[in-house]
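Colleague: this one's sequence-less:
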């Protein structure tokens, strides 16, 4: 309750380095996560899972499981009779599939849930799950994109050729002629490995039937409480009004928690059936094998450049290995569609064709993961730039400069038809390279090379479409088209403001940043603004936190609600100060007549009077309001600049310098922006050099623990300097743009470009780039 | 989840006999009361209380208490340092006092809390409380109005003559001349005994510090959650934003729970101090001795009538024994001020003077109790009518008819300056007496008398000011002037509507009646409307449920919010049905174009689209709204008609027939109205014949158990027939008037009038009228 924060340099809370309000509780161990909840009588759930990647499922014998001491009940699909999850794109090129909550007559990936066992403690539940006997006739696993596309067995009967989506989204009729005539044509293949989002806290839920309210209350570690409510309601055949989803503190999500999990729904169903609380907390092995993955993609690219280094055309064939099922609500189209739509990035591409496919395999299904295809498309474009620069004899910075959209071209509508709001594409590149130069990195690279050391510099430039309101999602034509967020605001008698929001912070610090946005409108301190989120019964409907949308969409709705409340406060104070509400200014916790500093009173006093002496306000006592916001989407941008040195003996990459110049429009809180960028870069470096989920040919996961799935630590992640440019968005209430994903998007391209530069080659075109691949080009 | 209810006769839900939604859970034992709550680690509180009525308090020795096994902590006033409760009238004639949470340097009534002891279980807590040694130097108790006014010791140093309030509210300069010239002057004294409200569930609370939210969460069995929040916040020195009050299911209140209790605040403070949950559930002895009482009043009246039975003048001296302290927030003025303001009742009184006093005594403090002074003023006026009728030779019904305000006189502004909205004062009297006549009761009374049996008929007519918004409270000039209520409404994707309200049903069935009001506006079934109340963090600020205000004020706010939401639903549907929103009608769960039945869609479908396909609605997707309502107050009215027979041997009164003709304007739900009337009449009969809190001369309570405090049972309470007239209010959104108190208001006068009639006298002027008093007039 201390007021640690001070106003920003321009006298506003927006822009001020306000320490995160949530950190006080999180650092003191006062957070409340699903794992902390255990109402009396809680049962613990464990899942029996498929040991094989593909097979026909016969009977599921639960007799032995039910006989395990402590086991209370066990259920297979037939016992619960739940509707499977069906996420649908409204496009003829989409073949829908249904993801059963528990496997029905087939299993389609290792670790697919087959039965759920609940017991008085977690140990008995695990023992019970092990005692489940599932009669599975193994089939042939489809374990790779190649195999899936090469007339392999079908993962789903209804999905011919294993193609969920096969879409030519852009098809410029002139493209072949342009490519044929171009001075430089690159024909390349790029691949990116499968990843796990790996939040610190895995998935978790606690479901409980409220006998009083006749309502299923489900605490879920989620980014999208309202969407999880709909998934549970749909699957159980209840109306949304009988389901309440609460996201308590959530220990990271990164996209994994913006879809509905089968386990959460099964647990909700069991709690509904047994009328007892049921809890499930994913362990790390489940998290690595049974949770949603992401990013396994291949790009076949033909790119044409003119002699001046200008990119003329890109012809892309994009294939995403999306695993066994389409995840709800974002569909299996999320990766291929986003890749195709946004591939051109910050560059003035003239001709574009993109075919994009979502391909079914017998692996864990996929979901959005921080950046959703943007790390890959940035990797593709930035590798193309470096390759073209090498071929044409340009400096890598110079070829980018020639292609980037520049200031006076905004708002820019490119080949995809999407309009970019203003950014600082060239300015961020210039600042990054100037910084490298000023620090002497170009000279130091050359000097090191002269000594035989393998030092390289890599750049990546990207723009990131953020703040997905309805317009951004309509292009994807999802049957459920997400978009707006709602905010409700209320001032209490102490003058404190409570704001509900549909976004669901799970590490982003919205309790702080949204409070700053609201505080500015009301002339209050951010400590006097409390953000409430994550409880579908408390209000603030919205689509949740993903796609770098929260500060723009949720924050915009909160700002709109605050504007309405400020108007009400001014109207109320007008009666007390005998002034026209239009002449009143809210600042520093007080309302004052403009130009008459003596005519002023504390806002808390207005609140008090509105509650306890409303007769003085002639009806203007209501201090609450609701607002929604549905923006068109904004583009943030950044340049990453990296210096690496390779170990010629081991192929190990060491990062010597990491600079980010980012532009997310108006910065709400620099501490939060820097934290997001740094965390994102760490995940991007992980994708570039370390992490990869791998399956063997039989579809068995071989990276099922953190011994095999290489998460970098503080040893691998270097200091990251973050520089800021601020180009306010014209598509945002606050001028802010989304920025939660940028760090992850820019890093893989910059790192791998630097590795190529250090290795003196341009052939390393995979992420992660592994030491053996680096050694391969060095010898 | 079954749809048991059917629309009312005029095709609306208002007026339909919808079974109470809350009864399903309450009757199945699925309610959740404070007593049902016990989070892990709960401590139990017990209070050491003063054994004497008056005294100087020295040291409070807690050593022995703390040594009791299981006791965790014990606190006296100095340990907790809480601000006492100070309820203030903004009138010069008011002398404020402070009610300490725990006694400080004096004790002022038996059972005043002196220390609080918390222990691991309730038994240890009780043992600990018994071990508290308070050094009290006993003083002289002021145990009666007479003694308090007769130069007795002062209960408070600052309250000279023990007068909290001494107010001449109305003072007609002509009144003495009118009385002197009148053909009939009655000079009478009427008294009413002290009562306990006696809800089935006594007071109870569970306070808990939320470490995550840095907030004190207090579950309280209360009628006024927001006011209890303010009391706790004020006393603990916290802003309201750090206190959340939740009223779960509440087992009756009757006014006792519309004030803040010292015990609840002490428990909140201990939980705040210890950071552990602390629970206290009042036992019946505490409820009868330490909870707030009501209704101990004396009236000295001079009343003048003309020869035609018209009442010319009333000159009243009103004295209320309000006990030791002024209760928060309603002040010790609540009884005397309400008595003086509303004494004239439904009659056209020409000249009026009223002096009204709140007098301090060494007894438990008082609070509003169902009807607040209206049972007494109705008793006074109705006894006057019977006495005048007897003296002037009129039939009791006839003299009333000559004085009642009649239809074409509404809106009527009388001697008090208050405007009465239309009622059916004479019509209800006529219907009651016609009914008695039709059933032959007049003839049967006369025949019984001829046989020597003591049968009598009693009438009472009254109007009741209800629906206290700000205007009604402003007259009292409370420092905190209650008034409006806020309602927030939200439609979820299933088309279910959630409504928050500041009123706090504790038996009244608002979950049903408010749902009916909202359902009509939205064309939904009441099962599709969920009312949420009682949680200060969830919203719907308001003053709570008391003074028969909820259906008008809270229900009016809910209706206003529903009107706003209906407009939004029509706007959204307009896009889908390609119609002007003004042409759309909401009915039967569907929205349809007026006159084009085929152009229609389910409202739930509109809700679904607004949430999941908002792009179809051109921005009109927000399905929530807030509204407040602050009505001027409405007058409901009724006539009670009672036939009794007295037992000449024992003085026992047996009720042979009980008819109520009531008019509460538009009836929202006849089942609820009948239930409220019947329950009220039962409490009124209790006040007329049975219940009385008594103290001995030393201020010791002698009615500390239900062996001594005579609560009537089904044996004593007869069948009660309720007839309805419906004169819609012009001061109400729905046309409804408040009606929760009427039964209690009308019964004492009607019963005692019947007793006088049966006894052939007009001298029984006390409530309760006791068998020995009846025997006294029979001999």
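Modeller: Ah, there it is. Model, not experiment: these values are computed from the prediction. Residues are numbered from 1 along each chain as shown, chains lettered A, B, ... in the order given.

Colleague: show me where the stretch 501-650 of chain A has its strands.
Modeller: A:529-533, A:584-587, A:590-593, A:596-602, A:624-629, A:634-646 (DSSP state E, counting those that start in this stretch).

Colleague: apologies, that question was intended for the stretch 201-350 of chain A.
Modeller: Going by DSSP E, counting those that start in this stretch, the stretch 201-350 of chain A shows strands at A:204-210, A:215-220, A:243-246, A:278-281, A:293-294, A:297-305, A:311-323.

Colleague: helices and strands around the fourth one, which ones?
Modeller: If I follow you right, that is strand A:278-281. strand A:43-49, strand A:204-210, helix A:262-274 (3 or more Cβ pairs under 8 Å, 6 or more residues apart in numbering or on different chains; DSSP states H and E). In short, each C-beta sits where N, CA and C put it, glycine included.

Colleague: what's around the closest residue to residue A:271 other than its chain neighbours, how many residues?
Modeller: Closest residue to residue A:271 apart from its sequence neighbours, by Cβ to Cβ, 6 or more residues apart in numbering or on different chains: residue A:207 at 3.6 Å. A count of neighbours around residue A:207, defined by other Cβ atoms under 10 Å in any protein chain shown, yields 29.

Colleague: tell me the pLDDT of residue A:207.
Modeller: The per-residue pLDDT reported for residue A:207 equals 98.

Colleague: so how far is residue A:275 from it?
Modeller: 11 Å (Cβ to Cβ, to the nearest Å).

Colleague: residue A:346 now?
Modeller: Counting by Cβ to Cβ - residue A:346 and residue A:275 are separated by 55 Å.

Colleague: which one's more surrounded, these two?
Modeller: Neighbour count, other Cβ under 10 Å: between residue A:346 and residue A:275, residue A:346 has more, with 27 against 11.

Colleague: that one reaches residue A:401, doesn't it?
Modeller: No - the pair residue A:346 / residue A:401 is not scored as a contact, 11.2 Å apart, by Cβ atoms under 8 Å.

Colleague: for the stretch 151-300 of chain A, which residues are neighbours of chain B?
Modeller: Residues of the stretch 151-300 of chain A lying near chain B by Cβ under 8 Å from any Cβ of the partner chain: A:211-212, A:214, A:226, A:230, A:233, A:239-242, A:249.

Colleague: for PyMOL, write a command that selects the buried ones of those residues.
Modeller: Selection of buried members from those for PyMOL, criterion 16 or more other Cβ atoms under 10 Å in any protein chain shown:
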select buried, chain A and resi 212+226+230+233+239+240+241+242+249
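
Colleague: how about the residues of the stretch 151-300 of chain A next to chain B in TSV, adding distance to residue B:562?
Modeller: As requested, these are arranged in TSV below (distance: Cβ to Cβ, whole Å):
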residue	distance to residue B:562
A:211	28
A:212	24
A:214	22
A:226	23
A:230	24
A:233	24
A:239	19
A:240	19
A:241	16
A:242	21
A:249	35
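
Colleague: the nearest residue to residue A:431 once chain neighbours are set aside pairs with what?
Modeller: Take residue A:431 and drop its neighbours on the chain: the residue closest to it by Cβ to Cβ, 6+ apart is residue A:661, 4.7 Å away. Beta bridges link residue A:661 to residue A:639, residue A:723 when assigned by DSSP bridges.

Colleague: ok, residue A:661 - contacts?
Modeller: By Cβ atoms under 8 Å, 6 or more residues apart in numbering or on different chains, the contact list for residue A:661 reads A:428-429, A:431-432, A:435, A:638-639, A:641, A:723-725.

Colleague: please spell out the PyMOL selection for the buried subset of these.
Modeller: In PyMOL, this line selects whichever of the contacts of residue A:661 come out buried by 16+ other Cβ under 10 Å:
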select buried, chain A and resi 428+429+431+432+435+638+639+641+723+724+725
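
Colleague: out of the contacts of residue A:661, flag the one nearest to residue B:56.
Modeller: residue A:724 (69.1 Å; Cβ to Cβ).

Colleague: do you know how far the closest one is from chain B?
Modeller: 32 Å (Cβ to the nearest Cβ, to the nearest Å).

Colleague: next: residue A:395.
Modeller: 45 Å.

Colleague: pretty sure residue A:344 sits against residue A:352.
Modeller: Yes - using Cβ under 8 Å, residue A:344 makes contact with residue A:352 at a distance of 6.3 Å.

Colleague: still on that earlier bit, now, which of the contacts of residue A:661 sits nearest residue A:66?
Modeller: residue A:638 (55.5 Å).

Colleague: excluding chain neighbours, what is closest to residue A:730?
Modeller: Going by Cβ to Cβ, 6+ apart, residue A:730 has residue A:421 as its nearest residue, at 5.1 Å.

Colleague: and that neighbour, how many neighbours?
Modeller: The number of residues near residue A:421, taken as other Cβ under 10 Å, comes to 24.

Colleague: burial count for residue A:344?
Modeller: The burial count for residue A:344: 24, using other Cβ under 10 Å.

Colleague: who are the contact partners of it?
Modeller: By Cβ under 8 Å, 6+ apart, the neighbours of residue A:344 are A:314, A:352, A:381, A:414-416.
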